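Chemist: Okay, predicted coordinates and the sequence, questions at the end:
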Amino acid sequence: PGGTNTIPNLHLKAGKKLANQIRPRNMAGAVDLENGKVVLLCLGSSVAGSTFEKFTELYQDTATVNPCLVFANGAYGGKGLDAMVNAEDTSYWNHVFDFLDTFNVAYKQVQIVWLKNVSRTDTLITFPDQPLAVKDKFKNIAQVIKDKFPNIKLLYLTGEHYGGYVPATNSNFKVLGEPVSYFNNWAVKWVIEDQINGDVNLSYKDPAVNAPWMAWAHYAWADGSNERVTDGYNWLCPDDYTLSTGYHLSDTGKLKEAQLLYNYFAHNAVSKVWFLNGPKWTSCADTEREYAVLQKEFHIYPNPNKGIFTIDPGNMKTGEISVSIYDHTGKIVYKTVAQNSGFSILIQAPSLRTGFYLCVAGSDGYTYTTPLIIE
């Protein structure tokens, strides 16, 4: 509030108090210093997920990091803020909870969330209308997160990185291009500002807790190749981006943002309480750290479908990919080669009969598999 980059003292103190309440918890949600975990959950689409995957890869074995932490990558490719707040479409949260179950992590163990995502429906690009609409979605999501994860304490938000390299001819331009990516950061600012200013719908204090305590994590946006005055940070294309999309990050870009996220968690006065190793985490020191990381998979929507569906390629390398569909006997019933430009890929196989299948994509020497249901 007030145009300052310094967190207000009262909000800072409240964040520290909540951070100090974080303890390892078992799957029932009870404090368990011997067998419990502290789950840091990533939420968002594949852009957030790929950064978090790099973040996990770099820092999961770092001795300075809290050994009780579980890095859980619940990002879901192709799903925007809209899917996270849509009460009629539960696919996003079904994915998150199925993901946690797969890695033997319970929703009651989630105490910290990092969220980065865009709205796919607020495409009227006017200021301040567009970021205000996105702000309302962030507000709703904060409440949903509190409802889904009863032991949540802290919610960290990151706005979008630079989208000025997305070509105007791209079908996702109004979702990812500029100035929409820049506006997304205003939405983040305003929702946190609302909480600081006492919005009861975002209250994190007893007796009416409606949301986690919120803070702005690292600031990812920079004006393309122009270096930020404060730290010299910028975004370069093609260095930091995949050539075909102008938005999905290359390995270099993922590394840059993963380092920003680490530097924030390791040095922020609130986050370092739970992120860094210390005497309070010694009960986990001799246990092998667990990681719930992004799998080599992609996402299909809608799913179930009638044989015509879209693939979100997630983190698959851009270029030529093979797509095969296997029936329950292991027989290939459909096969094609498609071009992955980093966005959606349309598959048309209307002759498939009702049933359960596996859709397998091959890219850059990797095999990616996801279930497919034909109705």
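Modeler: Arrived safely.
Chemist: what sits against A72?
Modeler: V39, L40, L41, C42, F99, L100, F103, V105, V110, A292 (Cβ atoms under 8 Å, 6 or more residues apart in numbering). Using the backbone N, CA and C atoms, a C-beta is placed for each residue, glycine as well.
Chemist: from those residues, which ones fall inside strands?
Modeler: V39, L40, L41, C42, V110, A292 (DSSP state E).
Chemist: ok, E160 to Y92 distance?
Modeler: Going from E160 to Y92 by Cβ to Cβ, to the nearest Å gives 18 Å.
Chemist: scratch that, S324
Modeler: In terms of Cβ to Cβ, S324 sits 27 Å off from Y92.
Chemist: Give me the more crowded residue out of these two.
Modeler: Just comparing S324 and Y92: by other Cβ atoms under 10 Å the higher neighbour count belongs to Y92, 22 against 17.
Chemist: tell me the secondary structure for the closest residue to the more buried one other than its chain neighbours?
Modeler: Closest residue to Y92 apart from its sequence neighbours, by Cβ to Cβ, 6 or more residues apart in numbering: A83 at 4.3 Å. Three-state call for A83 (DSSP: H, G, I helix; E, B strand; the rest coil): helix.
Chemist: Do you know the pLDDT at A83?
Modeler: A83 carries a pLDDT score of 93 in this model.
Chemist: Identify the single longest helix in the chain, thanks.
Modeler: helix 129-148 (DSSP state H).
Chemist: how far away is L43 from K116?
Modeler: On the measure of Cβ to Cβ, L43 and K116 end up 8 Å apart.
Chemist: ok, back up a step: ok, the ones in strands among the contacts of A72 vs F183, which is closest?
Modeler: Proximity of the ones in strands among the contacts of A72 to F183 (Cβ to Cβ) peaks at C42, which lies at 22.4 Å.
Chemist: for the protein, what helix or strand is lowest in average pLDDT?
Modeler: Every helix and strand in the chain was compared by mean pLDDT, DSSP states H and E; the lowest is strand 291-292, with a mean of 51.
Chemist: right, and the helix or strand after it?
Modeler: Remark: after strand 291-292, the chain's next helix or strand is strand 299-301, criterion DSSP states H and E.
Chemist: Tell me the strands beside that next one, with direction?
Modeler: strand 308-312 (antiparallel) (DSSP bridges).
Chemist: buried sites along the strand it pairs with?
Modeler: Neighbour-count burial for strand 308-312, counted by 16 or more other Cβ atoms under 10 Å, picks out F309, T310, I311, D312.
Chemist: after it, next one along is what?
Modeler: strand 319-326.
Chemist: Which residues does that next one contact?
Modeler: By Cβ under 8 Å, 6+ apart, strand 319-326 touches 311, 313, 332-340, 345, 347, 349, 352, 357-364, 372.
Chemist: for stretch 22-36, same thing?
Modeler: Outside stretch 22-36, the residues within contact range by Cβ under 8 Å, 6+ apart are 37-38, 68, 104-106, 108-109, 111-112, 150-151, 153-154, 273-274, 281, 283-284.
Chemist: again, only this time at 10 Å
Modeler: Stretch 22-36 has contacts (Cβ atoms under 10 Å, 6 or more residues apart in numbering) with 21, 37-39, 66-70, 104-112, 149-151, 153-154, 273-275, 280-284, 287.
Chemist: How about stretch 229-239?
Modeler: Contacts for stretch 229-239 (Cβ under 10 Å, 6+ apart): 5, 161-166, 218-228, 240-241, 243-244, 246-247, 249-250, 252-253, 256-257, 260.
Chemist: ok, back up a step: type out the ChimeraX command that picks the buried ones from the contacts of A72.
Modeler: Buried residues among those (16+ other Cβ under 10 Å), as a ChimeraX selection:
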select :39,40,41,42,99,100,103,105,110,292
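Chemist: Quick check: the two most widely separated of the contacts of A72?
Modeler: Taking Cβ to Cβ as the measure, the contacts of A72 have their most distant pair in L40 and F99, spaced 13.9 Å apart.
Chemist: Before we move on, what's the pLDDT of the closest residue to D82 other than its chain neighbours?
Modeler: Of all residues not flanking D82 in the chain, T121 sits nearest, at 5.0 Å (Cβ to Cβ, 6+ apart). pLDDT recorded at T121 is 91.
Chemist: got it, and A168?
Modeler: pLDDT for A168: 87.
Chemist: Next, count neighbours for it.
Modeler: Neighbours around A168, by other Cβ under 10 Å: 7.
Chemist: And it, how close does it get to F149?
Modeler: 39 Å.
Chemist: what do you get for N5?
Modeler: 29 Å.
Chemist: So for the two, which sits in the more crowded spot?
Modeler: F149 (24 against 7).
Chemist: these two touch, right, the more buried one and I141?
Modeler: No - between F149 and I141 there is no contact under Cβ atoms under 10 Å: 11.9 Å.
Chemist: tell me, what's touching those two both at once?
Modeler: Common neighbours of F149 and I141, using Cβ under 10 Å, 6+ apart, are V113, L155.
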